[in-house]
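Q: Need the 3D shape of this:
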Amino acid sequence: MLHTDRTRLRRALAGTVAAIAAVAAVAGLSACGSDDAAAGDKPVLRVGVQKDGVRAVLQEAGLLDDLPYEIEWAEFTAGPPIVEAASADQIDVAWVGSAPPIFGAAADASFKIVAQVQERDEKENSILVPAGSDIAEVADLKGKKVAVGKGTSAHGLLLQALERSGLTLADIEANYLAPADGLAAFTSGEVDAWVVWDPFVTQAIEQNDAVEITGGAPDEQGVQFEIASSVSLEEPETRDNIEHFVKLLQEAWVWAVDNADAWGDGWAAESGLAPEITRVVARNKAADFGPVTPETVAAEQALADAFFEAGELPKRIDFASIVEPGLID
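A: Okay, here's the model as predicted:
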């Protein structure tokens, strides 16, 4: 297979953390090659991840052997900087939650959604309060300090849960924090509530006695997305490798349904989280990986409109316009 000049350049730059960090320094980004193997003549596929168990599920399912490319992993703390990095052609493909693509589209980021991940429990995030808190329901958040990641799926859950309870973001004091900072603020009592996703939800409940007051439907659908850089999709060889990787993820999630504990143990080893936490999360996160459905487009458009009407976006977006079909059946 002939490699383009860009592919050769990417191979030469494999493992270069500084270039990525310059684009998304706030992400706390780190990168490494896979299994210490030399890239040789293989192209490099740059994959963005979080503490989401993606590497672990692929590894435990035995799907990282004999790939037609070398994987360069880049770790971020949340979805918004992943979208930014994809737009800047610093990663090729990555997994994000339901809201980061909306904020990316409003900022004219150059990326596409190539697949969706539908969690069977329809639950992506939770609103947590400390044990013994006088906050028992969403309406009680009025006037309270709430930690949440701006532009994340947790932001979307918070917005919609507040609206369902007759409140707006203006009725609370939002503290926009990354997960690690959110956990610190929550456990120290600096905020009254924390909105976040797993594995951080389960970690806070198991280790810090956090209490969930709401999460999931009807305020969110439990949908996440695989995104890709527009530049990468326009390069035939890289597009083929993205398609191959996305289909590996589809296969991995079929495997994960029947092998949750094995995935959880691998996730623990990868992330440093306790196995009793990652096993619980892996059991709860059975999901179906496939093309973006019309129902998802409609739900995401409604969320995008809600963000705009709340003053969180600079302009309205057309969600369907950022979906790239054809990479997965």
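Q: From one end of stretch 307-314 to the other, what's the distance?
A: 10 Å (C-alpha to C-alpha, to the nearest Å).
Q: any idea how far that stretch is from the chain center?
A: Averaging C-alpha coordinates over stretch 307-314 and over its chain gives two centres that are 21 Å apart (C-alpha atoms, centre = their mean, to the nearest Å).
Q: Check stretch 132-146 too.
A: How far stretch 132-146 lies from its chain's middle: 26 Å, per C-alpha atoms, centre = their mean.
Q: Please name the residues that touch L45.
A: Neighbouring residues of L45 by C-beta atoms under 8 Å, 6 or more residues apart in numbering: 69-72, 92-93, 238, 241-242, 245. Bear in mind the C-beta positions are built from the backbone N, C-alpha and C, glycine included.
Q: At which residues are the strands of the stretch 151-300 of the chain located?
A: Assigned by DSSP state E, counting those that start in this stretch, the strands in the stretch 151-300 of the chain fall at 173-176, 193-197, 211-215, 223-229, 287-290.
Q: Can you give the strand pairings for the last one, parallel or anti for each?
A: It refers to strand 287-290. Partner strands for strand 287-290, per DSSP bridges, with pairing direction: strand 111-119 (antiparallel).
Q: what does the average pLDDT come to for the partner strand?
A: Mean per-residue pLDDT for strand 111-119: 97.
Q: My read is that N175 contacts A147, right?
A: Yes: contact criterion C-beta atoms under 8 Å: N175 and A147 qualify, at 4.7 Å.
Q: quick one: which of the contacts of L45 has the most company?
A: Sorting the contacts of L45 by how many neighbours each has (other C-beta atoms under 10 Å) puts D92 first, at 30 neighbours.
Q: How about the contacts made by the residue lying closest to that residue once chain neighbours are set aside?
A: Counting by C-beta to C-beta, 6 or more residues apart in numbering, D92 lies nearest to S232, which is 4.2 Å off, once chain neighbours are set aside. By C-beta under 8 Å, 6+ apart, S232 lies in contact with 86, 89, 92-93, 238-239, 242.
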